[in-house]
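*Asks:* this one's structure only:
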């Protein structure tokens, strides 16, 4: 076989698979006016996040005082340290709840920052 024979395109029959000039086939009796009959979407209620529900209670989770509250947050639960007698009350509560956030009043928030965890993991 010569090099010229390799470079020539392969001839195809018109209307076969892969040909660019084949006309699109249409169904007999098909109309071009389609009617969408999908049912209307039903709204789904998404439950509120746990943190929002805890904030809306407006109650300190340490002293249970009903006052203006703030959120104390740690980077990770491992920062709370090992459980034991040296662990502060706030860290033990966060570890028990398995949450990185704690809803506290201003005096308790100041107390948390004054008593950090001494022996973080």
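*Replies:* Sure, I can see it. The structure presented is a predicted model; accordingly, all values stated were derived computationally and were not measured.
*Asks:* pLDDT value on residue 47, please?
*Replies:* Looking at residue 47, its pLDDT reads 81.
*Asks:* again, but for residue 1
*Replies:* Here, the pLDDT recorded for residue 1 equals 53.
*Asks:* what's the distance between the residue nearest the centre of the chain and residue 59?
*Replies:* Centroid-nearest residue in the chain, with C-alpha atoms, centre = their mean: residue 49, separated by 11.8 Å. Separation of residue 49 from residue 59 (C-beta to C-beta, to the nearest Å): 17 Å. Yep, even glycine has a C-beta here, placed from its N, CA and C like the rest.
*Asks:* in the chain, which spans are strands?
*Replies:* Under the criterion DSSP state E, the chain contains strands at 69-73, 101-105.
*Asks:* which of the residues in stretch 49-69 are buried?
*Replies:* 54, 59-62, 69 (16 or more other C-beta atoms under 10 Å).
*Asks:* and what of stretch 89-99?
*Replies:* 90-91, 93-94, 99.
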